[in-house]
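Student: just to be clear, the model below is a prediction. Sequence and coordinates:
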Amino acid sequence: MKIFNLRIGGDSWIWSIALILSISSLLLIFSSTEALSYRYQDGNTLYYLNRQFIFLLIGWALMIWVHRWNYNLFAYLSRVFIWLAIIILPLTLLWGVNENAASRRLMLPLIGVTFQPSDFAKVALIMYLARSISKYQHSIMRQSTVSHLREFLNMAGPVIAVCLLIVPENLSTAIIVFITSLILMFIGKVYYKYILSLLGLSVLGALFLVGSLYLLPENMLMNRMLTWKHRIDNFYQPTDGPADQTVEAMVAIVEGGFLGSMPGNNVQVKFLTHAYSDFIYTVVLSEYGIWGGIAVILLYLTLIIRTLIIFRQSPGAFGALLAVGLSLSIGIQAFFHMAVNVNLVPVTGIPLPMMTMGGTSIIIACFTLGMILSVSRHIEENKRLKLDT
């Protein structure tokens, strides 16, 4: 496939999924922000749509560029990226931009643009894990010894560090990062006792955290801990009022019905203060109905399935683990977002990859897909070389 005389390689299904998600994003952002744009942008109803379009253009340019790289380059970049992530995450906690009672974004000096380091850290960690598992796979698969344990700790140390640094301001992202890391270790055949030990430590940490929320008096809890407690309480005993976004989301979904109310026709969506971000899947269900919701689920499932095919066909362990790890991070995040929107888990600010409005999430998602496509393109080129010989 060629675009402007540039040969485009890689899995055509993944390219198609990225294109469908991008177009859908524009439709959903326009529908959910039209009134918001008119009110806060001097009547310019296209303001947020134009911003999303620009971010998608930048993201697609990055995706096309990155997919042309030799994927082995990402193994070298992973060492730089993981240290960079460990450096900037504490800076975000100390000097990040405070939004919605959380410091999740860091202001870039001189250019005055903010970005969300946790998104970058998630990708950096998966790159590092894929490299580490492929490097130590012949030792960390076997029974524990002192040297093998040391290799596992070199791999697991950054997982613990990154998750702990993300937890204070973005608990849900830390959970997604940790789950993805454990699954990637399991796929990479890391010795099961190592994985169980790491899982056991995380369970103890979670029990300690939950216990602190409910055993300590509220005046001893930090602001974010109070937020977590209120969200858990509200999940089990939702309030019936306009301030409860979960209730508003459920009403919007019910009004959409089976076939949906069609774009722009669901008035209830306008009562969702974050319809364009935290509740974008609610917009899908309310405007396109159950069928639209199923279609979105199938898109992310297909992405994971196509990447599993890449995993099986990849000649190298690093490329296989990189592709499947990155696709799992997208898929787990997507299903977590959907679960929040249909009230299966407590409310949290998790974007829907490639669909939610935002600069960092779109660009990081495109960079992620570019790396997956780089591995896929390498497999295609190997097949062509074998046919030529």
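Tutor: Sure thing, it's come through.
Student: run a quick neighbour tally on residue 217.
Tutor: Using other C-beta atoms under 10 Å, residue 217 has 6 neighbouring residues. Bear in mind the C-beta positions are built from the backbone N, C-alpha and C, glycine included.
Student: now residue 346
Tutor: Quick note: residue 346 (other C-beta under 10 Å) scores 18 neighbours.
Student: so where do the strands sit in the stretch 101-250 of the chain?
Tutor: Here the stretch 101-250 of the chain has its strands, by DSSP state E, counting those that start in this stretch, at 102-108, 113-115.
Student: present the ones you listed as JSON lines; the columns should include mean neighbour count, mean pLDDT and distance to residue 73.
Tutor: Converted to JSON lines, the strands of the stretch 101-250 of the chain look like this (neighbours: other C-beta atoms under 10 Å; pLDDT from 0 to 100; distance: least, C-beta to C-beta, whole Å):
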{"stretch": "strand 102-108", "mean neighbour count": "18", "mean pLDDT": "72", "distance to residue 73": "24"}
{"stretch": "strand 113-115", "mean neighbour count": "16", "mean pLDDT": "75", "distance to residue 73": "22"}
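Student: redo those as JSON lines? Include distance to residue 252.
Tutor: JSON lines is the format used below for the strands of the stretch 101-250 of the chain (distance: least, C-beta to C-beta, whole Å):
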{"stretch": "strand 102-108", "distance to residue 252": "25"}
{"stretch": "strand 113-115", "distance to residue 252": "29"}
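Student: of those strands, which is nearest residue 179?
Tutor: strand 102-108 (19.3 Å; C-beta to C-beta).
Student: list the contacts of that closest one.
Tutor: Contacting residues not belonging to strand 102-108 are listed as 88, 91-93, 95-97, 99, 113-118, 169-170, 224, 227, 360 [C-beta atoms under 8 Å, 6 or more residues apart in numbering].
Student: that strand pairs with which strands, parallel or anti?
Tutor: strand 97-99 (antiparallel), strand 113-115 (antiparallel) (DSSP bridges).
Student: just give me how far that strand sits from the chain centre.
Tutor: 17 Å (C-alpha atoms, centre = their mean, to the nearest Å).
Student: same deal with stretch 313-327?
Tutor: So, by C-alpha atoms, centre = their mean, the centroid of stretch 313-327 is 18 Å from its chain's centroid.
Student: got it, and stretch 305-314?
Tutor: Relative to the mean C-alpha coordinate of its chain, stretch 305-314 is positioned 20 Å out (C-alpha atoms, centre = their mean).
Student: could I have it exported to PDB, CA atoms only?
Tutor: Only the C-alpha atoms of stretch 305-314 are listed here, as PDB (Å, rounded to 0.1, in the frame of the first residue of the first chain):
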ATOM      1  CA  ILE A 305      -6.200 -10.900  18.000                       C
ATOM      2  CA  ARG A 306      -4.200  -9.500  15.100                       C
ATOM      3  CA  THR A 307      -1.300  -8.700  17.400                       C
ATOM      4  CA  LEU A 308      -1.500 -12.300  18.800                       C
ATOM      5  CA  ILE A 309      -1.000 -13.400  15.200                       C
ATOM      6  CA  ILE A 310       2.000 -11.100  15.000                       C
ATOM      7  CA  PHE A 311       3.300 -12.600  18.300                       C
ATOM      8  CA  ARG A 312       3.100 -16.100  16.800                       C
ATOM      9  CA  GLN A 313       4.800 -15.100  13.500                       C
ATOM     10  CA  SER A 314       7.600 -12.900  14.900                       C
END
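Student: buried ones in it?
Tutor: 306, 307, 308, 310, 311, 313, 314 (16 or more other C-beta atoms under 10 Å).
Student: check stretch 28-42 too.
Tutor: For stretch 28-42, burial by neighbour count (16+ other C-beta under 10 Å) applies to 28, 29, 30, 31, 32, 33, 34, 36, 37.
Student: quick check, nearest of these to residue 83?
Tutor: Closest to residue 83, out of all of those and judged by C-beta to C-beta, is residue 29, at 34.8 Å.
Student: quick check, that closest one in contact with residue 46.
Tutor: No: the criterion here is C-beta atoms under 8 Å, and residue 29 misses it with residue 46 at 10.3 Å.
Student: how far away is the residue nearest to residue 18 when sequence neighbours are not counted from residue 304?
Tutor: Using C-beta to C-beta, 6 or more residues apart in numbering and skipping residues adjacent in sequence, the residue nearest residue 18 is residue 369, 5.4 Å away. Noted for residue 369: a distance of 13 Å to residue 304, by C-beta to C-beta, to the nearest Å.
Student: now do residue 88
Tutor: Noted for residue 88: a distance of 29 Å to residue 304, by C-beta to C-beta.
Student: now do residue 44
Tutor: 38 Å.
Student: which one of these two has more residues nearby?
Tutor: Ranked by neighbour count (other C-beta under 10 Å), residue 44 and residue 304 place residue 304 first, with 16 against 12.
Student: is that one in contact with residue 329, as I believe?
Tutor: No: contact criterion C-beta under 8 Å: residue 304 and residue 329 do not qualify, at 10.4 Å.
Student: returning to what we had before: so who does the residue nearest to residue 18 touch?
Tutor: By C-beta under 8 Å, 6+ apart, residue 369 lies in contact with 14, 18, 63, 67, 326, 330, 354.
Student: count of residues packed around the third one?
Tutor: Other residues near residue 63 come to 26 when the count uses other C-beta under 10 Å.
Student: surely it meets residue 18?
Tutor: Yes: when contacts are counted by C-beta under 8 Å, residue 63 is listed as touching residue 18 (7.0 Å).
Student: for those two, list the residues in contact with both.
Tutor: Here residue 63 and residue 18 have 366, 369 as joint contacts, going by C-beta under 8 Å, 6+ apart.
Student: just to revisit the earlier point, please pick the buried ones from the contacts of strand 102-108.
Tutor: 88, 92-93, 96, 115-118, 169-170, 224, 227, 360.
Student: and these, which of them are in helices?
Tutor: 88, 92, 93, 117, 118, 224, 227, 360 (DSSP state H).
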